[in-house]
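Colleague: take this sequence and fold it.
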Amino acid sequence: MNWNKIQLIGIIAVTIFCLVMLGTSSKAEEHLEMPPGQWDYSQFFVKAVNLYCGTTETIFEGSEKIFGEKPMSTTSVHSYYADGTKGPAIGVMSFWYNVEHNSGTLLMTLFGTPFTCLLGYGRDWVHDENMLLDIVNKQINANPLPTP
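Modeller: Have a look, this model is predicted:
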């Protein structure tokens, strides 16, 4: 079986799974407010959107094997209560990137579930090289190599 057929089968399988997931819905057990800050939150609104989710294993494997992406960065995701206190971590967001195709996927793995959801995918990324260098230099300065 050639690579194009394998990719097509994978895409069809993910599409079928996503269509099944569209038929299900969930609601938060508790309404959490946005954290206090400088933004005018009265200008924000809640928008219900469809998320494409699958088992973490399936999504990670697809990102790596089908799209040729590698995990580039991660962060924990926390909820915030109305009084501004940080709530528990609800998951991990990760950015996967393919250097050769300049494409990337933003994923969120949800704690307490076997699922990871696709938050976004993009091509032709433009990176701020100076910011990337600042991050690398900050890491090097924070963790200098021992002198021989």
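Colleague: now do the nearest residue to residue 119 once chain neighbours are set aside against residue 69, distance only.
Modeller: Nearest non-adjacent residue to residue 119, counting by C-beta to C-beta, 6 or more residues apart in numbering: residue 106, 4.4 Å away. (Each C-beta comes from the backbone N, C-alpha and C, glycine too.) Residue 106 sits 11 Å away from residue 69, going by C-beta to C-beta, to the nearest Å.
Colleague: ok, those two, which is more surrounded?
Modeller: A count of neighbours by other C-beta atoms under 10 Å puts residue 69 above the other of residue 106 and residue 69, at 22 against 15.
Colleague: ok, and what's touching the longest strand seen in the chain?
Modeller: In the chain, ranked by residue count with DSSP state E as the criterion, the top strand is strand 86-98. With contacts defined as C-beta atoms under 8 Å, 6 or more residues apart in numbering, strand 86-98 is touched by 32, 35, 63-64, 67-81, 103-111, 119, 125.
Colleague: now the buried members of these.
Modeller: Neighbour counting over the contacts of strand 86-98 (16 or more other C-beta atoms under 10 Å) leaves 35, 63, 67, 69, 103, 104, 105, 107, 108, 109 as the buried ones.
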